[in-house]
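> from the sequence below, what's the structure:
(chains A and B)
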Amino acid sequence: NAGVTQTPKFRILKIGQSMTLQCTQDMNHNYMYWYRQDPGMGLKLIYYSVGAGITDKGEVPNGYNVSRSTTEDFPLRLELAAPSQTSVYFCASSYWVREGYSNQPQHFGDGTRLSIL
Amino acid sequence: GENVEQHPSTLSVQEGDSAVIKCTYSDSASNYFPWYKQELGKGPQLIIDIRSNVGEKKDQRIAVTLNKTAKHFSLHITETQPEDSAVYFCAARGSARQLTFGSGTQLTVLP
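Numbers count the residues shown, from 1 in each chain, chains lettered A, B, ... in the order given. Next up is the predicted model:
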């Protein structure tokens, strides 16, 4: 059981380039999330998805796009990389039905460290 | 929206001593409070969580307490060991049903 897998682990981009951060989970979780973590800061939610075909913005969505075509995969797209997007990106997943149900906590991948120069 | 403040930002303790990390939250509708441990180069891992209908929860050397009236919750680690050294994050799930994280505490356990 691999859990949440993120690729690549490291990447350096030039300003204006684009890339996709990959995230896949094998726990059949319905919820998936993308966070960014800046030095000395907590995690900020970028986008999340409550199921295939459904995505919604988090706290810091500008400059990013996501899609959720399958339960397992939740890629994050940077279209025009900017230095402010230098960060560590974490994908997470959880199983949530409703309050009081046997909901599962969020499980995180090991992150993608992205530098934009 | 929810705001979570975490203190201290760094904490050094002698091996065998206790460590306490405190968090406050702003959304009175928050009902779920997890704690995550993050080791260098890894993603956060859940170590303990508590729901709003419980005041305290314990798991071996780790305990979490919740004071809903004061809107604060704390992580207690007893008999600390070198492998407890890591960054610890608190979080709260508010009315938006998303987790809001504190800024983290770097815990160092000195041998």
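
> any idea how far chain B is from the residue nearest to A:Gly53 when sequence neighbours are not counted?
Spatially, and ignoring its direct neighbours in sequence, A:Gly53 is nearest to A:Arg68 (6.3 Å; Cβ to Cβ, 6 or more residues apart in numbering or on different chains). Yep, even glycine has a C-beta here, placed from its N, CA and C like the rest. A:Arg68 sits 16 Å away from chain B when distances are taken as Cβ to the nearest Cβ, to the nearest Å.

> just checking, B:Glu15 touches B:Thr108?
No: between B:Glu15 and B:Thr108 there is no contact under Cβ atoms under 8 Å: 10.5 Å.

> chain B contacts on chain A?
The interface of chain A toward chain B, taken as Cβ under 8 Å from any Cβ of the partner chain, is made up of A:4, A:40-45, A:48, A:58-59, A:90, A:92, A:99, A:105-111.

> element containing residue 6, please.
Since you didn't name a chain, this refers to chain A. For A:Gln6, the element it lies in under DSSP states H and E is strand A:4-7.

> actually, chain B is the one I wanted.
With DSSP H and E as the test, B:Gln6 turns up in strand B:4-7.

> contacts only, for the spatially most central residue of chain A.
For chain A, A:Trp34 is the residue whose C-alpha lies nearest the centre (Cα atoms, centre = their mean; 2.4 Å). Contacts for A:Trp34 (Cβ atoms under 8 Å, 6 or more residues apart in numbering or on different chains) come out as A:21, A:23, A:45-48, A:58, A:64, A:66, A:74, A:76, A:89-92.
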